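Chemist: sequence and computational prediction follow.
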Amino acid sequence: IYSTYITAIGCFLLVYNGHGFLYLYPNQPELNNLLNPLSLSCSIFLSILFSNEYLDLKKTQPFWNKIHLGLATISAGSIVAVFFLTTRTISIFLNIYLVAALCVILIVTIRGMLLQNLMAWFYFFSFSGFLMSGGLLVWNNLGFLEDAVNRIYTTQMAIAVEMLILGIGVSYRYRRLREEKDQLSLSNKFQSQQLYQLNHELELAREIQIALLPDKMPDIAGIKIMADYEPTGKLGGDYYDFISGHNEEVGTLIADVTGHGTPAALFASLVRYTFRTYSPYIADPTGLCEGMNRSIYGRTGTYFLTAGYLYISTKLSIARYASCGHPALIFNKHDGTLQTIKGRGKAIGIFESNRPETIEVKIKSTDRFFLYTDGLEEVIEKIKHVSVGDWLSRFRLEPMDAIQQDLHSLVNANRKSKNPIDDDITWILIEIE
């Protein structure tokens, strides 16, 4: 804009001082009458755009920025009007309009100085001489003064000084922008390093959390187990684990810590330690959950967890389940009937005393148990529009692999949806062979 503005001012002086008529088109006075208001219109238009950018009005003076844009629009219209109005009419309009534009530019410049805008000071000193010469020019064009050589040269000198001071201001602003760019680049580099280190630490934490989960399913005669864990981010708050007994028995824990991310992941590691501590209570769901609550209560601040513990003994043909505020256990029986086992129990870590009830059922071959966290429950209800139990009943005659495949499809569909469920997803499927 600065270069274009200088070019426009140069063209205006070339026409206004008569050099164009003398050297370029001496036999075309009507062209000079056209180019004089046209060059003035272009100069006013570009001076408004330049002052708007130079003083950064969009950022520092939003209201006057709108006024400037309005004046620029009128200037653009006057450029077109030059070709349709008489020379006298457009000249009178442009000179009156120039006075208004100069006043507005003066106002925003002074306001910028009061706002401690250094660029406004550059503009003020460059603008002062031009303002006086511009006033003389308008006064002369309106016929109140006689032409004088010194007035013409005064205008030229004022514009030359203006260009010099504005150029210094542009150089200063360019240097400041380079310094800010360098500082921003240095800050971005530092932030990138911090972000890389944070991502690296999160990745290490994720590897540690995955290592806390069972690396393989328990090998218990007469029991087949499948499980999966899908955190909503790098770290999650869901957890599951197993305890293998010596009498064809297995204990299965599924837990959901409030929230997700780093705090929930740290809490989940505490759950693993506590669960393993009470492994002697493998056949006593109530005693195991009560002991875990005793160890966790008062140590986790405002965090708590829901949990479900299922004990299965193929030797005794029984299953026992206790729930601490966790979603219901789905018991899909061999005859195709479906039983939802909720159990009465409070979330772990909220109350000092917590003794959930144990529910016992008889088991037979091809019976299935399905444990899950509420993240999966929400996904199934959102995508399939059915409850977990109704969804599972559709796979009664299907192999467990078919259930696993459908669960993976549901998780992927949720991730790709417009508004995905933002929660960790964990499930465990157990079949009595």
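Modeler: It's in.
Chemist: so what touches the helix or strand containing Ser269?
Modeler: Secondary structure from DSSP states H and E places Ser269 in helix 262-277. Residues outside helix 262-277 that contact it (CB atoms under 8 Å, 6 or more residues apart in numbering): 202, 205, 208-209, 212, 235-239, 241, 243, 253, 255, 257-258, 288, 291-292, 295-296, 299-300, 303, 305, 307. Glycine gets a C-beta too; all of them are placed from N, C-alpha and C.
Chemist: list the contacts for Trp427?
Modeler: Ala227, Asp228, Phe370, Leu371, Tyr372, Thr373, Leu376, Leu407.
Chemist: just the C-alphas of the helix holding Ser269, formatted as PDB.
Modeler: Only the C-alpha atoms of helix 262-277 are listed here, as PDB (Å, rounded to 0.1, in the frame of the first residue of the first chain):
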ATOM      1  CA  THR A 262      -3.500 -38.500  34.000                       C
ATOM      2  CA  PRO A 263      -5.300 -38.300  37.400                       C
ATOM      3  CA  ALA A 264      -7.600 -41.100  36.500                       C
ATOM      4  CA  ALA A 265      -4.700 -43.200  35.200                       C
ATOM      5  CA  LEU A 266      -2.800 -42.700  38.500                       C
ATOM      6  CA  PHE A 267      -5.900 -43.700  40.500                       C
ATOM      7  CA  ALA A 268      -6.200 -46.800  38.300                       C
ATOM      8  CA  SER A 269      -2.700 -47.900  39.200                       C
ATOM      9  CA  LEU A 270      -3.700 -47.600  42.900                       C
ATOM     10  CA  VAL A 271      -6.700 -49.800  42.200                       C
ATOM     11  CA  ARG A 272      -4.500 -52.500  40.700                       C
ATOM     12  CA  TYR A 273      -2.300 -52.600  43.800                       C
ATOM     13  CA  THR A 274      -5.200 -52.600  46.100                       C
ATOM     14  CA  PHE A 275      -7.000 -55.400  44.200                       C
ATOM     15  CA  ARG A 276      -3.900 -57.600  44.200                       C
ATOM     16  CA  THR A 277      -3.600 -57.000  48.000                       C
END
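Chemist: CA atoms of the next helix-or-strand element following it as CSV?
Modeler: Sequence-wise, the next helix or strand downstream of helix 262-277 (DSSP H and E) is helix 285-296. Below are the C-alpha coordinates for helix 285-296, written out as CSV (Å, rounded to 0.1, in the frame of the first residue of the first chain):
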residue,chain,number,x,y,z
PRO,A,285,-16.8,-60.5,46.4
THR,A,286,-18.2,-58.6,49.4
GLY,A,287,-15.1,-59.0,51.5
LEU,A,288,-12.8,-58.1,48.6
CYS,A,289,-14.8,-54.9,47.7
GLU,A,290,-15.1,-53.9,51.4
GLY,A,291,-11.3,-54.2,51.8
MET,A,292,-10.6,-52.2,48.7
ASN,A,293,-12.9,-49.4,49.9
ARG,A,294,-11.1,-49.5,53.3
SER,A,295,-7.7,-49.0,51.6
ILE,A,296,-8.8,-46.4,49.1
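Chemist: what helices or strands is helix 285-296 leaning on?
Modeler: Secondary-structure packing of helix 285-296 (3 or more CB pairs under 8 Å, 6 or more residues apart in numbering; DSSP states H and E): helix 262-277, strand 305-313, strand 318-324.
Chemist: most packed of the ones you listed?
Modeler: Ranked by mean neighbour count, those are led by strand 305-313 with a mean of 26 (mean count of other CB atoms under 10 Å).
Chemist: okay, angle between that strand and helix 285-296 too, please.
Modeler: Relative orientation of strand 305-313 versus helix 285-296 (axes from the mean of the first three to the mean of the last three CA atoms, to 10 degrees): 150 degrees.
Chemist: now the angle between helix 262-277 and strand 305-313, please.
Modeler: 30 degrees.
Chemist: report all helices and strands that strand 305-313 contacts.
Modeler: strand 249-257, helix 262-277, helix 285-296, strand 318-324, strand 368-372, strand 425-432.
Chemist: about what we covered before: are any of the contacts of Trp427 buried, and if so which?
Modeler: Ala227, Phe370, Leu371, Tyr372, Thr373, Leu376, Leu407 (16 or more other CB atoms under 10 Å).
Chemist: dump the residue contacts of the third one.
Modeler: In this case it means Leu371. Counting by CB under 8 Å, 6+ apart, Leu371 has contacts Tyr240, Thr252, Ile254, Gly308, Leu310, Leu329, Ile330, Trp427, Ile428, Ile430.
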